[in-house]
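Student: take a look and give me a structure for this.
(chains A, B, C and D)
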Number of protein chains: 4
Amino acid sequence: MSNTEPARLRLIASCPDRIGIVARVATFLAERGASITEASQYDDPRSQTFFMRSEFVIPGGEETRTWLEAGFRPIARELGMTWRLADAHRRQRVVLLVSKFDHCLAYLLHRRKVGDLNLDVPCVISNHEDLRALVEWYGIPYHHVPVPADPAGKQAALEETARLIGEAQPDTIVLARYMQIFPPWLCERYRHRVINIHHSFLPSFVGGKPYHQAEERGVKLIGATCHYVTEELDAGPIIEQDVVRIRHSDTIKDMMRLGKDVENAVLSRGLRYHLEDRVIVHGNKTILFS
Amino acid sequence: MSNTEPARLRLIASCPDRIGIVARVATFLAERGASITEASQYDDPRSQTFFMRSEFVIPGGEETRTWLEAGFRPIARELGMTWRLADAHRRQRVVLLVSKFDHCLAYLLHRRKVGDLNLDVPCVISNHEDLRALVEWYGIPYHHVPVPADPAGKQAALEETARLIGEAQPDTIVLARYMQIFPPWLCERYRHRVINIHHSFLPSFVGGKPYHQAEERGVKLIGATCHYVTEELDAGPIIEQDVVRIRHSDTIKDMMRLGKDVENAVLSRGLRYHLEDRVIVHGNKTILFS
Amino acid sequence: MSNTEPARLRLIASCPDRIGIVARVATFLAERGASITEASQYDDPRSQTFFMRSEFVIPGGEETRTWLEAGFRPIARELGMTWRLADAHRRQRVVLLVSKFDHCLAYLLHRRKVGDLNLDVPCVISNHEDLRALVEWYGIPYHHVPVPADPAGKQAALEETARLIGEAQPDTIVLARYMQIFPPWLCERYRHRVINIHHSFLPSFVGGKPYHQAEERGVKLIGATCHYVTEELDAGPIIEQDVVRIRHSDTIKDMMRLGKDVENAVLSRGLRYHLEDRVIVHGNKTILFS
Amino acid sequence: MSNTEPARLRLIASCPDRIGIVARVATFLAERGASITEASQYDDPRSQTFFMRSEFVIPGGEETRTWLEAGFRPIARELGMTWRLADAHRRQRVVLLVSKFDHCLAYLLHRRKVGDLNLDVPCVISNHEDLRALVEWYGIPYHHVPVPADPAGKQAALEETARLIGEAQPDTIVLARYMQIFPPWLCERYRHRVINIHHSFLPSFVGGKPYHQAEERGVKLIGATCHYVTEELDAGPIIEQDVVRIRHSDTIKDMMRLGKDVENAVLSRGLRYHLEDRVIVHGNKTILFS
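Tutor: Model (predicted):
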């Protein structure tokens, strides 16, 4: 049977700025019958780096992407490009890591089920047993990997976690309120593919108990930040942020409750930007073609 | 004397969607040495219309734009394009119309003076005498055109207003809280170049006294809307909107006071989008390449 | 066994304004050993009506509230007060009505389960069968009452719905995206106790398909409104509202997805205000002692 | 001549929590014919401290406040209260300190002129000459006190600044983008009466050039904070905060421009809360009876 539905692909690329990049890329695409549906370019004046994202529809079957990649490779080499072609119809495999707080997990699983997030969840990994019932109700495997306090036990737990992640062959890993430090070597393995939701408006209140820190400082708004995980704690490139107003009478418990709404919204927007290939990491910042 | 500073131009265009538009335009620009600094494209799936905005730097003197226009004309004709080339360095001439409330006027004049808004104000026209001192302090001519209640007097006042506007040869007209109906024939003459700030979150509270209407309905947020003026009152294409939270104890006077902050912010953001050629009107909506 | 935990009660009251109301009420409470933890008063200047909410801790067992009510009755009568004493520790019984969209339902059930909302759900009623599995996973009875198109069938369905609600003896009814008109006689029966979440920033986009209306009008922000249901569609007293920014490229499907975050947040904040007795209806508006 | 307009006063008080405080205060006021128009109380559970603000109308002439104070003194002593009675009709004297950025200054002077801020400005003090024309247009004295780099010169400049402030006998001092360190001994002299606007969402980006820091960190929202000045830089009790969304293409200049709208709104809301006696400092936080 012939494949009748056209491919929908995204070209995400960056390279040193020079004249004619868009012309080269667009001509390449046009000559192969690609119809661009949405495109953005940005030229960073400081680093003189050019960034682009083009989404296009192109006739042809499954091998279109491979064939297009082969054709584009020489152009990319000439322009000194970092690039990839992503299939917009393909569901990313996203492994979720959680601890005890389940609001982000519940939100993501629900949004996925009703079709608001285009992803597959091969498994959920947790250092606690608590959330098994919720996860299994969605028919998703749940791995409980306790993390002991002693260094050797901790190291073993991390390796087991890494092994389970590896087996799941994820495109992306989401720390949906995972209260363990994600080790640098694992960040490195999945570079710019590990997303964390931090329950503060970063860079305020890095580290543990940000709502306690917020209460201590007496801020009038609390927030949440969705960012890529890097070696340095809560310091990776920011994808999305938002805030909500609080009052002097709000206790830490109230902040946690109000904060959940913001965490859920920020994580679901940020993750979606990532899944739609709208985020390009540039140094410690992100270009966001929203 | 040779002109050493390169031109900075913006191409704003729309046309029926087809394959190869970006390639044609980008190749045209690249062949003439244009370096694209920022670009956005959008393909509206309903109307199958393609929209684009490209900002680029190009070597050459004053005649660059004319020369580029001549070269681009055949391409645009072939693609069925509505288009224009705008000079990013050129200051638009913006006529301001006001009545008695002066917060938007004061804000715009101040932002212009400190260089936050790249525009010239050839004159301010008002149906009241009140704001002369403020305007003249900025060294700007102030025309007082009283608008009588009787139809003949009103018509004469409108024509005098139209004459003064015409003399000022404006690119854009801003109704900075002008409490008179702007006549359809004048909208038509400056189509998509007349900007109004309405002190509600449209389409809520069309017409007069929106804060009174908001108080009556008991909303929990009030807002402001910056939009292009069309024949139908407060129904033109929206450029920018925002809101602020109010409380049950806020009186209409409080709303007016809180609303001023939002009106100022929304008008200055919206006007700036317009001046930077980031807004394309499409039916009764705007494409906003922010 | 003697009851050792003190009662935590809330006095919510309104009456014609006059000198000495707070003194009378506060003296009454102080003489009975009540320790006020949070209190707000507001005097509406237009209607010259006084509103108050006092939360206090008072020693004594289960009969404290009854005893306090009896003592307060003569004072309230003298002041012409509308009032009630609510037990802060008591969980309200909240019946949920839904159709096919399940995000608000899923959110509320999850928030209740983790203790963020202090309520019991005696049952969920739906005009569709779709959400049974979700509801029953939480151990909550699910009643499917199909609503036929013919008037007689519709009327019978409404009566069956009313019967099921009545059996559940609810304090509050939440229309968590229930896509049927809630009949006036049922509004009347549970006056100011039926809460709806409408997926627009009211009064914009009353009635069906508000995201379609928003897309049509080209607004730059979409919103959600939590309000009490009255006879007039989407016109009841507003409890809480919020908005989120959209872009020209957002489709109706995108708006629905982004809107869910706002609907969830607005409904959970609004419902919590209601459950904490922070909302007093005054005409068609609400006094919100947040 | 008899005084016919009644006094409008505000009692702001805090004391250790105990039963009967509201009763005592409200009874005292009622017995003297005071009609409460707005009141709020809050009991901080951690410190067991009670806070209250009552605004009331009371018949009588100029000596009402003195007479009321005398009567209230023994009650306050018994309850261990920190308190004051403020006259709502009285305009506070507010000295403004500025450097070169004039947006906050221009905003405050304009808002005062049109009656949105109930204050008198006895003088403006600046370490630069630049803003004299603007200030004098409003008929307000302008003092230029250059601040040299050498310690002795700096100290002399600070003392001259302090002398000028002292002469103006201010109720409140506003640092409207004053780019000099306000010395601890001067903070102490005007404790909880010196208000600063900081152009970041504190505690993020303390100190100089917060927009540069924001750009460096790659945040997706920038903000402004209005707070009381204490010895520790940018660490005093926060009165009001807000944020605005930015994009990856926004330069530091764009942030400064967008930030001005937020700074203006946050400062004018925060200052108004202060002028209306709605802010009570508690440790390093504020109780805000908005």
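Student: can you tell if the longest helix seen in chain A touches chain D?
Tutor: Counting residues, the longest helix in chain A under DSSP state H turns out to be helix A:252-275. No: Helix A:252-275 stays clear of chain D (Cβ under 8 Å from any Cβ of the partner chain), getting no nearer than 9.4 Å. (Each C-beta comes from the backbone N, C-alpha and C, glycine too.)
Student: near chain B at all, that helix?
Tutor: No: between helix A:252-275 and chain B, judged by Cβ under 8 Å from any Cβ, nothing touches; the nearest distance is 14.1 Å.
Student: quick check: A:Arg278 touching A:Ser290?
Tutor: Yes: between A:Arg278 and A:Ser290 there is a contact at 5.8 Å, judged by Cβ atoms under 8 Å.
Student: and those two? Which one has more around it.
Tutor: A:Arg278 (21 against 16; other Cβ atoms under 10 Å in any protein chain shown).
Student: tell me, how many residues neighbour the nearest residue to the more buried one once chain neighbours are set aside?
Tutor: Distance criterion Cβ to Cβ, 6 or more residues apart in numbering or on different chains; nearest residue to A:Arg278, sequence neighbours excluded, is A:Phe289 at 4.8 Å. For A:Phe289, the tally of surrounding residues (other Cβ under 10 Å) stands at 25.
Student: verify the stated contact: A:Phe289 with A:Glu55.
Tutor: No: with contact defined as Cβ under 8 Å, A:Phe289 does not reach A:Glu55; the gap is 9.5 Å.
Student: the residue in the stretch 151-290 of chain A that chain B sits nearest to pairs with what?
Tutor: The stretch 151-290 of chain A approaches chain B most closely through A:Arg245 (7.2 Å), counting by Cβ to the nearest Cβ. Beta-bridge pairing for A:Arg245 (DSSP bridges): A:Leu221.
Student: how near is it to C:Gly223?
Tutor: Distance, A:Arg245 to C:Gly223, using Cβ to Cβ, to the nearest Å: 16 Å.
Student: where do the helices sit along chain A?
Tutor: A:21-31, A:64-79, A:103-113, A:132-137, A:151-168, A:184-189, A:210-217, A:252-275.
Student: for those, which one sits closest to D:Ala235?
Tutor: Ranking those by proximity to D:Ala235 (Cβ to Cβ) places helix A:210-217 first, at 8.5 Å.
Student: any residues touching that closest one, and which ones?
Tutor: Residues outside helix A:210-217 that contact it (Cβ atoms under 8 Å, 6 or more residues apart in numbering or on different chains): A:198-200, A:204-205, A:222, A:246, A:251-252, A:255-256, A:259, D:202-203, D:238, D:284-285.
Student: how about low-confidence regions in the stretch 51-200 of chain A?
Tutor: Scanning the stretch 51-200 of chain A for pLDDT under 70 picks out no residues.
Student: get me the contact residues on it for chain D.
Tutor: Residues of the stretch 51-200 of chain A that fall close to chain D, judged by Cβ under 8 Å from any Cβ: none.
Student: for A:Arg245 and C:Gly223, work out which one has more neighbours and name it.
Tutor: C:Gly223 (26 against 13).
Student: need the contact list for the more buried one.
Tutor: With contact taken as Cβ under 8 Å, 6+ apart, C:Gly223 is in contact with B:221, C:200-201, C:204, C:241-244, C:262, C:266.
Student: neighbours of the residue nearest to it when sequence neighbours are not counted, how many?
Tutor: In this structure, C:Gly223 finds its nearest non-sequential neighbour in C:Phe201, 3.0 Å apart by Cβ to Cβ, 6+ apart. Neighbour count for C:Phe201, taken as other Cβ under 10 Å: 30.
Student: just confirm C:Phe201 contacts C:Lys220, I think it does.
Tutor: No: contact criterion Cβ under 8 Å: C:Phe201 and C:Lys220 do not qualify, at 11.5 Å.
Student: looking at the stretch 51-200 of chain A, which residue is nearest chain D?
Tutor: Closest contact between the stretch 51-200 of chain A and chain D, by Cβ to the nearest Cβ, is at A:Phe51 (8.7 Å).
Student: so that residue bridges to which residues?
Tutor: Beta-bridge partners for A:Phe51, by DSSP bridges, are A:Ser14, A:Tyr42.
Student: and if you look at the one 4 residues further on?
Tutor: Note on A:Glu55: beta-bridge partners A:Arg10, A:Glu38, judged by DSSP bridges.
Student: what pLDDT does the model give A:Ser2?
Tutor: With respect to pLDDT, A:Ser2 scores 47.
Student: domain map for chain A?
Tutor: As given by automatic domain parsing, the domain ranges for chain A are A:7-87, A:92-288.
Student: give me the pLDDT for the residue lying closest to A:Cys187 once chain neighbours are set aside.
Tutor: Spatially, and ignoring its direct neighbours in sequence, A:Cys187 is nearest to A:Val229 (5.4 Å; Cβ to Cβ, 6+ apart). We have a pLDDT of 97 for A:Val229.
Student: does A:Val229 touch A:Leu175 like I think?
Tutor: Yes: counting by Cβ under 8 Å, A:Val229 does reach A:Leu175; the two are 6.7 Å apart.
Student: neighbour-wise, which of the two wins?
Tutor: A:Val229 (27 against 21).
Student: who are the contact partners of the more buried one?
Tutor: For A:Val229, the contact set (Cβ under 8 Å, 6+ apart) comprises A:175, A:182, A:187, A:194-196, A:236.
Student: re the thing from before, which helices and strands does the longest helix of chain A pack with?
Tutor: For helix A:252-275, the packing partners by 3 or more Cβ pairs under 8 Å, 6 or more residues apart in numbering or on different chains; DSSP states H and E come out as strand A:92-98, helix A:103-113, strand A:172-175, strand A:194-198, helix A:210-217, strand A:221-228, strand A:238-245, helix C:252-275.
Student: which one, of those, ends up nearest to D:Pro45?
Tutor: D:Pro45 lies closest to helix A:210-217 among those, at 12.1 Å (Cβ to Cβ).
Student: any idea how far the closest one is from the middle of the chain?
Tutor: On the basis of Cα atoms, centre = their mean, to the nearest Å, helix A:210-217 sits 27 Å off its chain's mean C-alpha point.
Student: ok, A:Ala176 to A:Cys226 distance?
Tutor: Distance from A:Ala176 to A:Cys226, counting by Cβ to Cβ: 11 Å.
Student: so what sits against both of these two?
Tutor: Common contacts of A:Ala176 and A:Cys226 (Cβ under 8 Å, 6+ apart): A:197, A:267.
Student: report the contact partners of the nearest residue to A:Ala168 once chain neighbours are set aside.
Tutor: Nearest non-adjacent residue to A:Ala168, counting by Cβ to Cβ, 6+ apart: A:Pro122, 4.0 Å away. With contact set as Cβ under 8 Å, 6+ apart, A:Pro122 has these partners: A:93, A:95, A:140-141, A:168-170.
Student: who's in contact with A:Arg32?
Tutor: Applying Cβ under 8 Å, 6+ apart, we find A:Arg32 in contact with A:58, A:68, A:71.
Student: 7 Å instead?
Tutor: Contacts for A:Arg32 (Cβ atoms under 7 Å, 6 or more residues apart in numbering or on different chains) come out as A:58, A:68.
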